[in-house]
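Student: mind folding the following:
(one chain, ligands or ions: 1)
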Amino acid sequence: MKRILVTGGSGDLGRVLCRRAEALGWEVAAAYLTHANRIIAGVPIQVDLTDRDALNEVIDQVRPDVVFHTAVPPITTPNLRQAILTAAYNLSRLCPKTTRLIFLSSDMVFDGTRPPYKDDDPPSPLSVYGQAKAEMEMIGDQVVRTSLIYDFQAGNKQVDWMLEKINRGETVKLYADEYRCPIWVETLAEALIELSESMFKGILNIASPEPMTRLELGWKILEAMGKDPEVHIEAISAATTGRPADLTLDVGKAQLLLKTKLLSVDEAAAQWRETHPQAPDKS
Ligand SMILES: NC(=O)c1ccc[n+]([C@@H]2O[C@H](COP(=O)([O-])OP(=O)(O)OC[C@H]3O[C@@H](n4cnc5c(N)ncnc54)[C@H](OP(=O)(O)O)[C@@H]3O)[C@@H](O)[C@H]2O)c1
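Tutor: Sure thing, here's the model as predicted:
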C-alpha cells in the first residue's frame, strides 16, 4: 500500500487530496499546523514544517513514498520567503532519496506581461510570494504550477470570501481585467495523484485550458451556487494595482501527459451539479 504525506492537509487543496488518496486505499498522513478541525481524511499529524527536528520525527514515523507539499504560510506571514523556503529545504533534506516530492507552485511566479506561459518559461515574479515560489521550484522532484484553486461550496478561499461579503450585505468586487486559468480543486487533486504515479520530473503547468478573468470566475461560481451574480458582483479594474495582468498558463504538456481531463469552469460546474443533486438546476 502506498504511504503518502500531505503537507497542508487542512488546506483547501490538501484536504481534498487526502480524501481522494484515502479513497484509493492509500495510507494518508494529513499534516497541519493549526486547523485540525478542517481535516476531512487521513491521519492528522500536527507539525511545523519549519521545525526541522519535529518534521524529521514525522517523516520517520510516516516513511512516505510520496510527499504532496501543498502547505503554504499565510501571505501576511513575516519573512514569508524564508518560511516557504525553509519548509521546502527541510522536506528535501529529511526525506529519503526514494521519496517522491511533489511541490505546489503558482502562476504568480510570472509578471503577467508575456502569456501564455509554458512549463519551462523562466520565472519573473513581482511579489515576495512569487519570488519564494520560484526559488522553491528548484528544490522539488515534481513541481506543479497552478492557478486559482476554486470549488462550488464553502470551505474554499475563492468561495468563502465572496460568501462573507454577501452575508455582510456588501458587493463582491472582482477584477474584469486580470486573467488566470482557475482550476477546480477536484480536478487538481485528481491530476496530482496521477502525476505521482508517473515518471515525470520537472515543472508542469496544471490549470484550466480556458483562461478567464477573476470577474468571470466569481460570476460562474456564484451562479453554480444558486446566487444571482447580477445582484452581488461589481466589476473593477486591476490596472493601477500593479498585479500581473495575464497569467495564462499553457497546459498543453499536462494534457499530453495526463489522462485526467483539465476541466474548464463550465465543465467543472456541470460535473459538480451531477454529483450534488441539491445544487441549483441550470435548465
Ligand atoms: N489557493 C490558490 O488559489 C492557489 C493558487 C496557486 C497556487 N497555490 C498553491 O497551492 C498550494 C495549496 O494552496 P491552498 O490554497 O490549498 O493552501 P491553504 O488553503 O492556504 O492551506 C495552507 C496550508 O498550509 C498549512 N501551513 C501553513 N504554514 C505551515 C507550517 N509552517 N507548517 C505546516 N503547515 C503549514 C496550513 O495549516 P493550518 O491551516 O492547519 O495552519 C494549511 O493546511 C499552495 O502551495 C499554494 O501556494 C494556491
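Student: count of residues packed around the closest residue to the ligand within the chain?
Tutor: Nearest residue of the chain to the ligand (CB to the nearest ligand atom) works out as G11 at 2.4 Å. Yep, even glycine has a C-beta here, placed from its N, CA and C like the rest. Residues lying near G11 (other CB atoms under 10 Å) number 25.
Student: a helix runs through V16, doesn't it?
Tutor: Yes. Judged by DSSP: H, G, I helix; E, B strand; the rest coil, V16 forms part of a helix.
Student: what sits against the residue of the chain closest to the ligand?
Tutor: Contact partners of G11, counting by CB atoms under 8 Å, 6 or more residues apart in numbering, are R38, T70, A71, V72.
Student: same check, this time on A245
Tutor: Going by CB under 8 Å, 6+ apart, A245 touches G112, T113, D177, E178, Y179, A238.
Student: look at the residue lying closest to S106 once chain neighbours are set aside and tell me its secondary structure.
Tutor: Using CB to CB, 6 or more residues apart in numbering and skipping the chain neighbours, the partner closest in space to S106 is K133 (5.0 Å). Classification of K133 using three-state DSSP returns helix.
Student: ok, K133 touching S127?
Tutor: No. Using CB atoms under 8 Å, K133 is not in contact with S127, being 9.2 Å away.
Student: quickly list what's touching both of the two.
Tutor: With CB under 8 Å, 6+ apart as the test, K133 and S127 both reach M108.
Student: those two: which is more packed in?
Tutor: K133 (26 against 17).
Student: mind listing what the more buried one touches?
Tutor: By CB under 8 Å, 6+ apart, the neighbours of K133 are I84, S105, S106, M108, V109, P125.
Student: restrict those residues to contacts with the ligand.
Tutor: S106 (CB under 6 Å from any ligand atom).
Student: make CSV out of the contacts of K133 and add secondary structure.
Tutor: Shown next, in CSV, are the contacts of K133 (three-state DSSP):
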residue, secondary structure
I84, helix
S105, strand
S106, strand
M108, helix
V109, helix
P125, coil
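Student: quick one: list the elements packing against whichever helix or strand L55 is part of.
Tutor: Using DSSP states H and E, L55 sits in helix 52-62. For helix 52-62, the elements it packs on are strand 3-7, strand 27-32, strand 43-46, helix 80-94, judged by 3 or more CB pairs under 8 Å, 6 or more residues apart in numbering; DSSP states H and E.
Student: for the second one, name the packing helices and strands.
Tutor: I take that to be strand 27-32. Packing contacts for strand 27-32, counted by 3+ CB pairs under 8 Å, 6+ apart, involve strand 3-7, helix 12-23, strand 43-46, helix 52-62.
Student: done for today, thanks.
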